[in-house]
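Student: Pasted the sequence and its predicted model underneath.
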Amino acid sequence: MNLNASTYKKYMKGYEKRSPVWKDCLFAFLIGGTICTIAELFFRIYLKIGIPEVNVRVLTSVTIIVITAVCTGLGVFDRIAKIAGAGTLVPISGFANAVVSPAIDNKAEGMVLGVGAKMFIIA
């Protein structure tokens, strides 16, 4: 059987799985919004306990980064990302996941050459 590009494209069309775009968008919106709402709650709590707003902005970001890094290490963030898709990338949690994931994947190579060197490979 001789396949050129257009014949192959038609052949593969029958095997493509259609993506549920509206469902994906809904989950991305809801889970991304939930992450942002959690960040806003931390922001309000930090303000309530008397931390200056300049410091609260940084502290809120750091809190979300730490929570995401821990969730990535425990494997929870990957399960959430499978459902939420791009919803996990909108907040800064996507950055934390992008830094921690390669570090975890390469920990067998050692702390310096594995975790330390590969941690910022995506960034």
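Tutor: Everything's here; your move.

Student: Just list what the strand or helix carrying I38 packs against, helices and strands only.
Tutor: Secondary structure from DSSP states H and E places I38 in helix 21-48. Packing partners of helix 21-48 (3 or more Cβ pairs under 8 Å, 6 or more residues apart in numbering; DSSP states H and E): helix 53-74, helix 76-84. From N, CA and C alone the C-beta is placed, and that goes for glycine too.

Student: Okay, buried residues for the longest one please.
Tutor: The neighbour-count criterion (16 or more other Cβ atoms under 10 Å) identifies 56, 59-61, 63-65, 67-69, 71-72 as the buried residues of helix 53-74.

Student: and F77, how far is that from A5?
Tutor: Distance, F77 to A5, by Cβ to Cβ, to the nearest Å: 39 Å.

Student: More neighbours: which of the two?
Tutor: The neighbour comparison of F77 against A5 (other Cβ atoms under 10 Å) goes to F77, with 23 against 7.

Student: For that one, which non-adjacent residue is closest in space?
Tutor: In this structure, F77 finds its nearest non-sequential neighbour in C71, 4.1 Å apart by Cβ to Cβ, 6 or more residues apart in numbering.

Student: does the one you found really touch A81, like I thought?
Tutor: No - counting by Cβ atoms under 8 Å, C71 does not reach A81; the two are 9.9 Å apart.

Student: any idea which residue sits dead centre in this structure?
Tutor: G94 (3.5 Å; Cα atoms, centre = their mean).
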